[in-house]
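# With the sequence up front, the predicted model follows.
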Amino acid sequence: MARGALDGAAAERAESLLDRALREVELGLGELRELAQGIHPAMLTEQGLLPAIEALAARSTLTVVVEAELSARTRPAVESALYFTVAEALTNCAKHAGAHRVEVSVGEPEGVVEVLVADDGRGGADAEGGSGLRGLGDRIAALGGTLDVTSPAGEGTAVRARVPR
Ligand SMILES: Nc1ncnc2c1ncn2[C@@H]1O[C@H](COP(=O)(O)OP(=O)(O)OP(=O)(O)O)[C@@H](O)[C@H]1O
Ligand SMILES: [Mg+2]
């Protein structure tokens with residue numbers, strides 16, 4: 001419709017159509033994002049945390065090295081929260097860090113499951129500066145766990161989540 005209006009002398013009409021299209025795309029994107037955040041990925045359900053994290057790492061635009069060892073599956077809510085921690089931390093590395101390399105480690109010291117995402121970027125992350133890290137902190141806390149962000153300026157960022165099994 002906008003293209004048609006552009007052909008004639010109705011530039012104003014075209015502009016309002018484009019505004020409307022943009023609003024609808026933004027709305028759709030927001031809904032898609034919410035949906036995607038709520039969905040438990042099939043790979044996580046079927047194969048567990050490690051393959052799902054490997055897939056996230058492979059999809060990143062950065063060089064991501066994964067070091068992981070887990071003896072068994074954990075509660076679905078725990079797997080899900082840790083998966084989304086890695087997803088958000090990797091997204092943040094690509095968006096904010098200017099990093100070259102990211103290390104993801106997964107392990108199970110002393111009855112907890114732990115994930116650590118550490119980049120070699122600019123540091124200076126502020127968990128109160130956006131909704132991503134804050135939301136993760138709430139989600140991890142609801143499972144009795146802790147989320148720590150260590151991010152000295154110029155020295156990279158480490159995000160560590162620990163949740164009881
Ligand atoms: N790996 C990182 N390196 C450098 N800065 C970071 C890193 N991760 C986060 N930050 C900084 O901390 C802020 C908070 O991160 P957070 O994920 O909560 O929000 P966001 O990514 O800006 O927005 P959202 O996650 O809600 O889309 C970011 O705005 C960014 O300035
Ligand atoms: Mg973020």
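Thanks, I have the structure now. Ligands and ions are numbered 1, 2, ... in the order given.
# what kind of secondary structure is residue 66 in?
Of the three states, residue 66 takes strand under DSSP: H, G, I helix; E, B strand; the rest coil.
# Counting neighbours, which bits of the helix or strand of the chain at the bottom of the mean pLDDT ranking end up buried?
Sorting the helices and strands of the chain by mean pLDDT, DSSP states H and E puts helix 2-7 at the bottom, at a mean of 76. When burial is assessed from 16 or more other Cβ atoms under 10 Å, helix 2-7 yields the following buried residues: residue 5. Heads up, the C-betas are built off the backbone N, CA and C, glycines and all.
# same for that helix, what does it pack against?
helix 11-38 (3 or more Cβ pairs under 8 Å, 6 or more residues apart in numbering; DSSP states H and E).
# Quick check: buried residues in the helix it packs on?
14, 17.
# Then stretch 43-63?
For stretch 43-63, burial by neighbour count (16+ other Cβ under 10 Å) applies to 43, 44, 48, 49, 52, 53, 54, 56, 57, 60, 62.
# from those, which is closest to ligand 1?
In terms of Cβ to the nearest ligand atom, no member of those lies closer to ligand 1 than residue 62, at 10.4 Å.
# can you map out the strands along this protein?
63-68, 101-107, 112-119, 146-150, 158-164 (DSSP state E).
# and of those strands, who's closest to residue 87?
Residue 87 lies closest to strand 112-119 among the strands of the chain, at 9.7 Å (Cβ to Cβ).
# any idea of the angle that closest one forms with strand 101-107?
Orientation check (axes from the mean of the first three to the mean of the last three Cα atoms, to 10 degrees): strand 112-119 against strand 101-107 gives 180 degrees.
# Against which helices or strands is strand 112-119 packed?
helix 76-92, strand 101-107, strand 158-164.
# Quick check: buried residues in it?
Judged by neighbour count using 16+ other Cβ under 10 Å, the buried positions of strand 112-119 are 112, 113, 114, 115, 116, 117, 118, 119.
# Tell me how far the residue of the chain found nearest ligand 1 lies from residue 120.
Residue of the chain nearest ligand 1, by Cβ to the nearest ligand atom: residue 130 (1.8 Å). Separation of residue 130 from residue 120 (Cβ to Cβ, to the nearest Å): 21 Å.
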